[in-house]
Structure formats: structure tokens, C-alpha cells
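Colleague: Here's my sequence, what's the structure:
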Amino acid sequence: MDDVTLLMPPLDQLGQHPRLSRWLGRGDRLPLMPAGRLPVLREQFGLAAGMIPAAALLREAAAGDAGDGTWVCADPVYIQAEAAGARLLAWDTLDLTMAEAESLARPIRPMLGDAGMLLETTLPGRWQVRMVTGTPLPLLVDPEQILGAQLLPHLPAGDTGRRWRLLFNEIQILLHQHPLNRQRAGSGRAPINGLWFWGGGRLPARPRRAPSGVFSEDPLVRALAWHAGSHRLPSPHPIAGRSSSLVDLASADPEEALLVVAAWHARLRWREGLHLAFADGHRWRLTRAQALRVWRRAWRG
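Modeller: Next comes the predicted model:
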């Protein structure tokens, strides 16, 4: 049977939990992967290397009109200015309502329209722009990979990226003056002072292989599962007969994530495997037969 894959928080967030240390000590360590969930998602859904076309996937899952157009994510973010530059401090955790999203988007739409882009506020915190067919795209970095990092090295580069850098700066100026941000600051919430462009491309073909069932709270993972025809699992805990599943625990509380691992590990049959893919790139494969490896010491990091 195919393995069940659990997307886990970074390994150092889980501490030296005795049971996890014992499982990892007896388990089979797999080659290190790049950090983040996207490499695992590419592997699970059979996507080519490079950018996952997140914008087209999200738009198609929500509105069904991605078609064969080119889309780019334009997500609201909080950027902190510093003497040496600026950092991306918040994305997808800004507690936006749809009314707030529309208020912020209203003055941005004409600016993007002049650049040949149609802005869609598909979800409160997940926006997309529809591009003119054939528009070349620069390398656009996934915001999950650069949270807390200096932005300058990650802005679109080269001649192709120039128009995107200009738009990025102009949108920052516009949003800095938006009255909604004064209201948010007054209530102790972070301002929305930028849009981050990423996840560009066209809707991919339906993958030939994908997990049979998927659990996730993340809109992109759900959109991938919907596009692939995977069943949506109602819970991260084991369901009888649901092998080849993908369970996204990357943002879960570490204690809850370990409870889910224990539940899946307890139901393993002899030919099944449990693939733990940690957000920092570490990976292990656990099987029931590994319990016989009593000579192995617990993993200590």
C-alpha cells in the first residue's frame, strides 16, 4: 500500500518528545528536502519543479474561471520598514474580512488595470491578478519561504521583474495612506501595507498521481486536492481504508501534531509506511516492522 504523508511543523518545534525520538531513531531517514511545504506538494501531486501555479489553482477552486489564462497571486501582507530595508512580517494571518479586502482593493484596481492586470479578491487574504495572455513572468518567491527575511534580495529581478518592482513600490505608497490601516492600527491590528506577487502560471493538467485523501486548512492545499480529484478528509486522524493520504499538520500545535502521528502510527499494517515530512526539510519513513529495531538509540537531533 502507498504511504500516508504527514506534513509536520519544523522538527525543532517538537522538542525531544520521547515517543517521537524513539520512532525517528528506529525509522528510515530520507534525503533532506528544501524547507517549506511546496517541495512536498510538488512531489505528492506530480508537479514539475519551479513555481506551483497557486493563483490559477486557487481561482479555479473558488470561482471555476481560471481557464487557460495566466494568473499571479497578489496577497495582502504586512511589511515592516527598517533602516537597512524592509521585512515581510505577516502573510495569510492578517484577519481580513471580505469587506476590508474590497475596501483595500478598490484604489489598487485602476493602477493594476493600467498595467494590464485584472485584480480579483477571491478570498479575503488570497487575491489574484489575471494577466494578458503571453505576459512573461519573472521568478516570484513564495511568501512562506521569506517570512521574517529582508525583502530586497527576493523582489523580482532583471528587466522582466522591473514592472513588478515598480508596482510593488506604488502599491505600498497607496496602501500606506489608506484609512482602513489607521483603523486597524487603532484596534491593535497590523496594517496591510503591501501586496506580494507569487505563484504565477496557468492551470496545470490534472495530475496523473495524487493522494487519495487530503486534510488541510490551507486554501492552496485544498485547491490542489480539488483539482486532482482527491477526497477531502474531515479530520487529520486516521480513517479506515484511506491509504495514500496527505495530512497537513505544518501549522498545527506541536502537541496536537504528535497526537495525530501517534494515531496513524498505531494503525500501520506491516506493508504500510508513514512518511513524516517536516517543514524544515527533514524526512523519515516509519513502518510497523521498525519496532523490532530495539538496538537503535532514540534520535537526539
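Colleague: Now do Leu14 against Leu286, distance only.
Modeller: Per C-beta to C-beta, to the nearest Å, Leu14 is found 14 Å from Leu286. (C-beta placed from N, C-alpha, C; glycine too.)
Colleague: Quick one: end-to-end length of stretch 101-120, please.
Modeller: In stretch 101-120, first residue to last residue: 10 Å (C-alpha to C-alpha, to the nearest Å).
Colleague: Equivalent analysis for stretch 92-104, please.
Modeller: One end of stretch 92-104 to the other measures 15 Å (C-alpha to C-alpha).
Colleague: That one: which residues count as buried?
Modeller: Asp92, Leu94, Leu96, Glu100, Ala101, Ser103, Leu104 (16 or more other C-beta atoms under 10 Å).
Colleague: next one: stretch 12-19
Modeller: Using 16+ other C-beta under 10 Å as the test for burial, stretch 12-19 gives Leu14, His17.
Colleague: what does stretch 187-194 give?
Modeller: Arg189, Ala190, Pro191, Ile192, Asn193, Gly194.
Colleague: do stretch 253-264 as well
Modeller: Pro254, Ala257, Leu258, Val260, Val261, Trp264.
Colleague: Need the three-state assignment for the third one.
Modeller: This points to Leu258. helix (DSSP: H, G, I helix; E, B strand; the rest coil).
Colleague: Contacts only, for it.
Modeller: By C-beta atoms under 8 Å, 6 or more residues apart in numbering, Leu258 lies in contact with Leu14, His17, Arg19, Leu20.
Colleague: Farthest-apart pair in the buried residues of stretch 92-104, please.
Modeller: Between any two of the buried residues of stretch 92-104, the greatest separation by C-beta to C-beta is 18.8 Å, found for Asp92 and Ser103.
Colleague: sorry, back to before: need the buried residues of stretch 187-194 in CSV with secondary structure and distance to Ala49, can you?
Modeller: Shown next, in CSV, are those (DSSP: H, G, I helix; E, B strand; the rest coil; distance: C-beta to C-beta, whole Å):
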residue, secondary structure, distance to Ala49
Arg189, coil, 37
Ala190, coil, 34
Pro191, coil, 35
Ile192, coil, 32
Asn193, coil, 33
Gly194, strand, 28
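Colleague: hey, where'd the helices end up in this protein?
Modeller: 18-26, 38-44, 54-63, 98-105, 108-114, 158-176, 179-186, 219-228, 254-266 (DSSP state H).
Colleague: Out of these, flag the one nearest Pro9.
Modeller: Proximity to Pro9 (C-beta to C-beta) singles out helix 254-266 among the helices of the chain, at 5.7 Å.
Colleague: Go ahead and measure how far the closest one is from the middle of the chain.
Modeller: Chain-centre distance of helix 254-266: 21 Å, with C-alpha atoms, centre = their mean, to the nearest Å.
Colleague: Export the buried residues of stretch 253-264 to CSV and append columns for pLDDT.
Modeller: Output for these, formatted as CSV (pLDDT from 0 to 100):
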residue, pLDDT
Pro254, 91
Ala257, 95
Leu258, 94
Val260, 95
Val261, 95
Trp264, 93
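Colleague: got the contact list for Leu180?
Modeller: Applying C-beta under 8 Å, 6+ apart to Leu180 gives the contacts Glu100, Ser103, Leu104, Ile192.
Colleague: separation between the nearest residue to the last one once chain neighbours are set aside and Arg300?
Modeller: It stands for Ile192. Sequence neighbours aside, Pro76 is the residue nearest to Ile192 in space, at 4.5 Å (criterion: C-beta to C-beta, 6 or more residues apart in numbering). Separation of Pro76 from Arg300 (C-beta to C-beta) stands at 41 Å.
Colleague: just Pro238 next, same as before
Modeller: Separation of Pro238 from Arg300 (C-beta to C-beta) stands at 28 Å.
Colleague: These two: who's more crowded?
Modeller: Pro238 (18 against 8; other C-beta atoms under 10 Å).
Colleague: Skip the chain neighbours and tell me the closest residue to that one.
Modeller: Among residues not flanking Pro238 along the chain, Arg267 sits closest, at 4.9 Å (C-beta to C-beta, 6+ apart).
Colleague: Break this structure down into its domains, please.
Modeller: Listed by automatic domain parsing, the domain ranges of the chain are 4-47+210-292, 54-202.
Colleague: and the ones you listed, which one is worst for confidence?
Modeller: When these are compared on average pLDDT, domain 4-47+210-292 comes out lowest at a mean of 91.
Colleague: about what we covered before: nearest to Gly134, out of the helices of the chain?
Modeller: helix 158-176 (12.9 Å).
Colleague: Identify each buried residue in the closest one, please.
Modeller: Here helix 158-176 shows Gly161, Trp164, Arg165, Leu167, Phe168, Ile171, Gln172, Leu174, Leu175 as buried, counting by 16+ other C-beta under 10 Å.
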